[in-house]
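Enquirer: need a 3D model of the following:
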Amino acid sequence: MSVGVWWASLRDARAAARLPALLDPVERARHEAIARADDQGRFLLGCALSRIALGELLGVSPAEVPLRRVCPRCGGPHGKPRLAVPHGSPFAGVDFSVTHSGDVVGVAVVHGAVVGLDVEEAGAALDVDTVAPVALSDAEFAALNAHPPAERTSAFLRVWTRKEAVLKALGVGLTVPPRRLEVSVPTRPPTVLAWPDRPTAPRDLAMADVDVVTGPGRPPAIATVAVAGATALRVHHRDGTAAVTAYAGSTPPP
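Expert: I've put the predicted structure just below:
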């Protein structure tokens with residue numbers, strides 16, 4: 001199974017005056033309603049990067065990509081974005097996942113399966129002692145405490161991105177306790193070891209760590225992609241910053 005992963009930097013898109021023109025009315029309204037500037041920028045960049053990636057796949061301009069957001073619980077326009085193409089379309093099996101952390105925004109696209117992508121900036125402030133007992137299984141927590149204190153934050157983030165990618169790929173998010181999902185330790189290839197709620201998950205889900213360099217002298221952001229409906233992955237990294245910069249300029253890209 002082939003999955004494309006696009007990465008872009010919020011720092012390179014802050015002057016993106018043309019990007020809001022790529023959004024549809026629902027996205028534009030949500031963008032304008034976000035209070036904090038950085039949160040607004042991440043939402044804008046995630047929408048724009050999704051549209052650029054999907055537009056390339058569909059052969060249409062980003063603004064013409066048909067997307068819909070419907071919450072499965074209330075029917076509101078804030079659910080996971082999906083490609084709105086007719087049944088039987090060759091693109092009906094396309095799925096994508098958006099993630100962001102700090103200055104990093106990523107989009108993963110797959111055809112014929114369901115994808116989840118998660119990223120965490122390695123330098124972010126995090127109280128591991130508080131969050132680890134809630135997020136990790138007993139075995140994961142014991143393995144984390146075996147690391148030297150200086151390595152525990154990055155080790156926790158590695159395990160967490162694997163969990164979050166799986167939860168996204170299976171469409172459950174944090175509606176289930178993450179402690180019940182157990183994944184491999186950071187020094188081993190990513191895989192699901194145990195999940196009583198989804199006993200078949202290890203057999204129909206593939207994962208890959210897809211860390212991304214965020215800038216000179218900065219530690220790579222820790223990221224994982226998971227695909228439900230696959231047994232192996234080929235990951236193609238794409239330069240989303242270059243694509244976004246082209247659409248953010250004063251003239252349209254060629």
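Enquirer: for the residue nearest to residue 83 when sequence neighbours are not counted, give me its contacts.
Expert: Once flanking residues are discounted, residue 83 sits nearest to residue 94: 5.2 Å by C-beta to C-beta, 6 or more residues apart in numbering. C-betas here are computed from N, CA, C, even on glycine. When contacts are counted by C-beta atoms under 8 Å, 6 or more residues apart in numbering, residue 94 touches 54, 57, 83, 85, 109-111.
Enquirer: which strand residues bridge residue 94?
Expert: In this entry, residue 94 is beta-bridged to residue 111, by DSSP bridges.
Enquirer: kindly report the same for the one 5 residues further on.
Expert: Partner residues in beta bridges with residue 99, using DSSP bridges, are residue 106.
Enquirer: show me the contacts for it.
Expert: 105-108, 117-119, 168, 223.
Enquirer: which of the residues you listed has the weakest pLDDT?
Expert: Of all the contacts of residue 99, residue 168 has the smallest pLDDT value, namely 92.
Enquirer: quick one: that one and residue 98 touch, right?
Expert: No: the criterion here is C-beta atoms under 8 Å, and residue 168 misses it with residue 98 at 9.4 Å.
Enquirer: out of the two, which sits in the more crowded spot?
Expert: The neighbour count for residue 168 versus residue 98, taken as other C-beta atoms under 10 Å, is higher for residue 168 (25 against 21).
Enquirer: identify the bridge partners of the closest residue to the more buried one other than its chain neighbours.
Expert: Nearest non-adjacent residue to residue 168, counting by C-beta to C-beta, 6+ apart: residue 116, 2.8 Å away. On the basis of DSSP bridges, residue 116 is bridged to residue 226.
Enquirer: after the lowest-mean-pLDDT helix or strand in the chain, which helix or strand is next?
Expert: Within the chain, no helix or strand scores below helix 10-13, which has a mean of 74 by mean pLDDT, DSSP states H and E. Heading C-terminal from helix 10-13, the first helix or strand you meet, by DSSP states H and E, is helix 25-33.
Enquirer: residues making contact with the helix or strand just after that following helix?
Expert: Next helix or strand after helix 25-33 toward the C-terminus (DSSP H and E): helix 37-58. Residues from elsewhere that reach helix 37-58, judged by C-beta under 8 Å, 6+ apart: 4, 6, 8, 10, 13-14, 16, 19-20, 22-23, 27, 30-31, 34, 61-65, 67, 81, 83, 91, 94, 96, 98, 100, 105-107, 109, 111, 238, 240, 243-244, 247.
Enquirer: buried sites along helix 37-58?
Expert: Using 16 or more other C-beta atoms under 10 Å as the test for burial, helix 37-58 gives 41-56, 58.
Enquirer: who touches both of residue 168 and residue 98?
Expert: Looking at what touches both residue 168 and residue 98 (by C-beta under 8 Å, 6+ apart), the common residues are residue 117.
Enquirer: wait, doesn't residue 156 sit right on residue 141?
Expert: No: if you go by C-beta under 8 Å, residue 156 and residue 141 don't touch, sitting 9.6 Å apart.
Enquirer: more neighbours: these two, which one.
Expert: residue 156 (24 against 16).
Enquirer: which ones are touching that one?
Expert: Here residue 156 is in contact with 126, 128, 131-132, 135-136, 144 (C-beta under 8 Å, 6+ apart).
Enquirer: let's see which of the residues you listed end up in strands.
Expert: Among the contacts of residue 156, no member falls in strands (criterion: DSSP state E).
Enquirer: now which of those would you call buried?
Expert: Neighbour-count burial (16+ other C-beta under 10 Å) is assigned, among these, to 126, 128, 132, 135-136, 144.
Enquirer: and which of these is nearest to residue 182?
Expert: residue 136 (8.5 Å; C-beta to C-beta).
Enquirer: surely the closest one and residue 157 touch.
Expert: No: using C-beta under 8 Å, residue 136 is not in contact with residue 157, being 11.7 Å away.
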